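Colleague: model this:
(chains A and B)
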Amino acid sequence: MLKRLLALALAGALALSMVACGTPAAPAPEGGESEGPKTTFKYSELSEVPTLDPQLANSVPSNTAILHIQEPLVRMYNGVLEPGAAESWEISEDGLTYTFHLRDMTWSDGQPVTAGDFEYGIKRLVDPNTASPYGWFACYIKNGSPCNSGELPLEELGVKAIDDKTLEITLEYVADYFLQVVSNACYVATRQDLVEQYGQDFAATAEKNAYTGPFVVKEVKTGDRLILAKNPNYWNADQTKLEEVEIIVVANANTAVDMYNAGDLDYVQVPSDLKDLYADQISEFFDGSNDFLRVKQDDPNVPTHNKDLRLAINYAINRAEFITLTSNDVYAANPRYVLPQVAGVNKTYGEEYPYEAYPVNGDADKAKEHLDAALAALGCAASDITIELLTTDTESSKKQAEVLQQQIQSVLGINITIKQVPYKDRLKMESERDFELVFTGWAPDYSDPYTYLELQIADAYYNYGGYNLDFDGNVIENEFDKYMEFAATTSDKQARMDALFAAEKQMLEDGAVVPLLLRRVLYMKNENLEGLALYFLGARIDFTRAYWAE
Amino acid sequence: MAKYILKRIVISLATLLVLITAVFFLVRLMPGDPFASEKMPPDVKANLEAYYGLDKPLIVQYFTYMGQLLKGNMGYSMVYSNKTVNDIIAATFPYSADLGIRALTFAVCFGISLGIVAALRRGKPLDYGCILIAIVGTSVPDFIMGSLLQYFFGVQMKLLPVAQYTTWKHTILPSIAVGFYSLASISRYMRTSMLEVISQDYIKTAKSKGISNFRITWKHQIRNAIMPVVTMMGPLVASVLTGTFVIEAMFVVPGMGKYYVESISTYDYTIVLGITVFYGAFLVICNTVVDILYGFIDPRIKIAK
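Modeller: The predicted structure follows:
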C-alpha cells in the first residue's frame, strides 16, 4: 500500500513538474504597446556584452553599451563630433594640449560629475594594476606607454583636473584625431568610490555602478539580456525618446531573423546566406573591418621577401570573383589598403584620394610579368615555390583560403598550402611573426588613414610582416616611414593627408600587404523606427536619438 | 549499506580530483593564449598575465587554484571580466536545469510508455510505430530536430513562440528538441528489457498462479524491466541538466551550454575549468545516486554487499 502511494506521489510530482515547474523568469509584461507610441527598442547581439566596466571594455558590444550609459567628453554621432560632457574645449597652438570645460551634470545617483572623475577614469585605464586590455589606447597621452608598462608612476601621466570643471590632457605627439580617441568608452568618467567599494565586481550589476549617459542599466541578466532604461538625470534627457532598450543575446543568427519576423526584435543583422530571401527589406553598412593578407618580408627562407613575387600575388587575385564566391557579394572588394570611409580633410578619404592599386578583376598578364622578374631574382621555377597561407579554422575561413589558393595557383603556377588553426592560435602565431601569408584584418580606432598605415611603420610593434626590415630585423631606409614621420609632425592638414596618401601608395607599390575586402553588415529594422545611427566607429549601433514614428 | 555508500563517495571524490588535475593541465596545453587579440601590445599582455597570475609557474597556479576551489571560489572569467564562474553558473544553471527537467520528464514518461506498449504489442503495427519513433529520435541530430520544430510550429503555424525562454509556452519546443533523443533511447532500452523479462520463469509462475495480465505486467514485468533504464538515467540526467549548447543557442535559452563551448574557443581557462568541475561533480553525484537507488530497487544488490 505504502509503495503504491509512493508510486502515485512520484507520478503526480512528475506530472506537476511538467506543468507547474516555475520558469525561472517571470513572463515579461506585454504592456506599453496598446496605448500611445511605442517607447521600447529590442535588438540582438550574437554574443553577450562582455563587460560594462569602461576601462576593461575591449569589444564592440561593450563599447556600444557603455557609450549609451556613460557620457564621453566628446560624443560621436554618425561620424560627427559633438560636445558631450565637455561643453567646449581648446587645443593649444602646438596641438599638444587639450583643455576641456565640463558642463554641469550629475551622476544617476545625484553626485556632480567632476573633472576628477575623468582624470581617475583615464588613469585607471593606464594603471598596470587595472590590467586593461585597452591600456595601449592611452599611448597618445604624454607618458601613456611607460605609465602603462609600470616604468613611470601614474603621476607622470599627462592628465590633470585643474579644477572641478576643467580637465587638461597633454599629448605625447600631435594626433589630430585625439578628440575621436576621447569619444571612446574607455575614456569616460569613472567613480573612484564605487571602484574601491566593489573591486572587480564594479559594474557587474546595475547597482554596482553609477551612470552619466542617456540611459542607465536597469538589469544585467547573465547570458540572457541587458536592459537599459532612460536616464532622467541625463543633461540632454529631452533628446532621449526611448524609455527602455533590451539587448538580447541570440547566439544563432538564423533564430534572430526568425525572432525579427515574429516581431520579437526591432533590429536584426542578417546572415549573408539569407541575403536573397530578404532582398527587399535589407539595408547595409560598412562596419569598418578590413580584411587583408599579411606577407612575410624579412625572412630569406620565405620567397615573398621578393617584391615582384608579392606584386604577382596581388595582381593574380580576382577580388571581385573572390567576394562573389565567399560572401555572396555582401562584402566589398578592396583594391587598396586604407578604409575609404575614414575622414579626409573635407570629405571622406576615399572621395578625396580615389585609388585602385590592383584591378578588382585581377590582371593575369601583369601578374606573370612580375612573376618572371621574381623567378629570375630567386633563381628557381614557379613550381619550386611553395607558400603557406595561415588562417582560422572556421568553415568560412576555409572557403576564403581555398578560393585564394585556386586563383593564385592557376595564374602563377606556384604552390599555396593552407594551414588552419584556432582563432586565438592564429593571433598568437601572427604576433610572434610565425607565418608566411596570414589572413587577418583590422578595425579602425579613429577615423583617419593613420589608424591603418601606422601598422606598417618599420619599427612598429604591429609590423608583423617585416615591411622595410632586412633579414636581421634592421630598418631599411625607406620612403614610407618618411611620409609617416612627416604626417605625425606637420600641422598643415592638407599636406598631412597628401603625405598619408603617398604612404599608402608607396606600400601598395611595394606589395607590403594583399588587400582583399571591406566587410558590410546586412540588417533589417522595423520601418517605424527612426533615428538609428549605424557607423563604423564607436557605438556601431547608436540609439541615443532613436524614436518611433507614429 | 552505510559502508557501501561511504565507499562510493570516496571513489567519487578521487575521480573528481583526477578530473580537475587533468583538465587544469590539459587546458594549458592548448596552443594559443586567452589574451591573444588583434590589438595586444606585449606590455598590455604582461599586465593581464600578472593580473590573472598566469606569469607564475604552472604548479604554483595549480595549488592556488585548488586552494581557492576548496573555498568554493572558482575565480573570475577572463572574458566576462566582472563575473566569477560562480556567478555565471548561478545565473545560467537554473535555466539549463529547468529545460533539462522538462525534457527528461517528457522523455521518461513517453519513452517508458512507448517501450512498454511496443513490447506488449510486439510485431504489431503499434510496435513498428514505436520503433520508427526510436529510429528517428536516435538518428536525427538535435539541431535538425530543433530547426524543424521551430520552423513548423513557430514560423509556419505560429502555434508556439519561435524562441526565448519566458513563459511555459516558450519551453515546449526546446524541451521536445532536447528530450527527443533521450526518449528514443529510453524506449528502445525499455522494449528490449521488457521482452527479456517476459520469458523469465517467474512470469510463467505468476501466470500459472492465475494472476491477472494487468497485475503481471505492472507488478512483475515493468518493475524488473526498468532496471537498465535506471542505469542510463545517471549520465543522462547530468548531460541533459547541464545544458545543450545547440538547442540553447537555437531557442535563445540563457543556459550554461553556451559558456562551456564558447570558453574553449576563447581560451577562458577559468570558465573551462569551472564548468568542467561543476559538470564532473554533477555527473559523479548522479552516478552515485543511481548506484544507491539500485540498492532500493533491486534487493539482490543489497545481498551481494
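Colleague: Leaving out sequence neighbours, find the closest residue to residue 66.
Modeller: I went with chain A, as the question did not name one. residue A:185 (3.8 Å; C-beta to C-beta, 6 or more residues apart in numbering or on different chains). In short, each C-beta sits where N, CA and C put it, glycine included.
Colleague: Chain B, not that one
Modeller: residue B:20 (7.4 Å).
Colleague: Any idea how many residues pack against the one you found?
Modeller: 19 (other C-beta atoms under 10 Å in any protein chain shown).
Colleague: For my notes, confirm it occurs in a helix.
Modeller: Yes: under DSSP: H, G, I helix; E, B strand; the rest coil, residue B:20 falls within a helix.
Colleague: In whichever strand or helix holds residue B:196, which residues are buried?
Modeller: For residue B:196, the element it lies in under DSSP states H and E is helix B:168-198. In terms of neighbour count (16 or more other C-beta atoms under 10 Å in any protein chain shown), helix B:168-198 has its buried residues at B:170-191, B:193-195, B:197-198.
Colleague: which is the next helix or strand following that helix?
Modeller: Helix B:168-198 is succeeded, C-terminally, by helix B:201-208 (DSSP H and E).
Colleague: how many degrees apart are that following helix and helix B:168-198 in direction?
Modeller: With axes from the mean of the first three to the mean of the last three C-alpha atoms, to 10 degrees as the basis, helix B:201-208 and helix B:168-198 are set at 90 degrees to each other.
Colleague: average pLDDT for helix B:201-208?
Modeller: Per-residue pLDDT over helix B:201-208 has a mean of 87.
Colleague: shaky segments in chain B?
Modeller: Scanning chain B for pLDDT under 70 picks out the ranges B:1, B:243, B:299-305.
Colleague: is it true that the residue nearest to residue B:66 touches residue B:273?
Modeller: Yes: here residue B:20 lies in contact with residue B:273, judged by C-beta atoms under 8 Å, at a distance of 7.4 Å.
Colleague: For the most centrally placed residue in chain B, which non-adjacent residue is spatially closest?
Modeller: Nearest to the geometric centre of chain B sits residue B:239, at 1.2 Å (C-alpha atoms, centre = their mean). Among residues not flanking residue B:239 along the chain, residue B:283 sits closest, at 7.8 Å (C-beta to C-beta, 6+ apart).
Colleague: Secondary structure element for that neighbour, which one?
Modeller: Using DSSP H and E, residue B:283 maps to helix B:269-297.
Colleague: Please state the offset of that helix from the chain centre?
Modeller: Here helix B:269-297 shows a centroid-to-chain-centroid distance of 10 Å under the convention C-alpha atoms, centre = their mean, to the nearest Å.
Colleague: For that helix, which helices and strands make contact with it?
Modeller: helix B:2-29, helix B:85-120, helix B:227-241, helix B:257-265, helix B:299-304 (3 or more C-beta pairs under 8 Å, 6 or more residues apart in numbering or on different chains; DSSP states H and E).
Colleague: how about the third one: buried residues?
Modeller: Pointing back at helix B:227-241 there. Buried residues in helix B:227-241 (16+ other C-beta under 10 Å): B:229, B:231, B:233-234, B:236-241.
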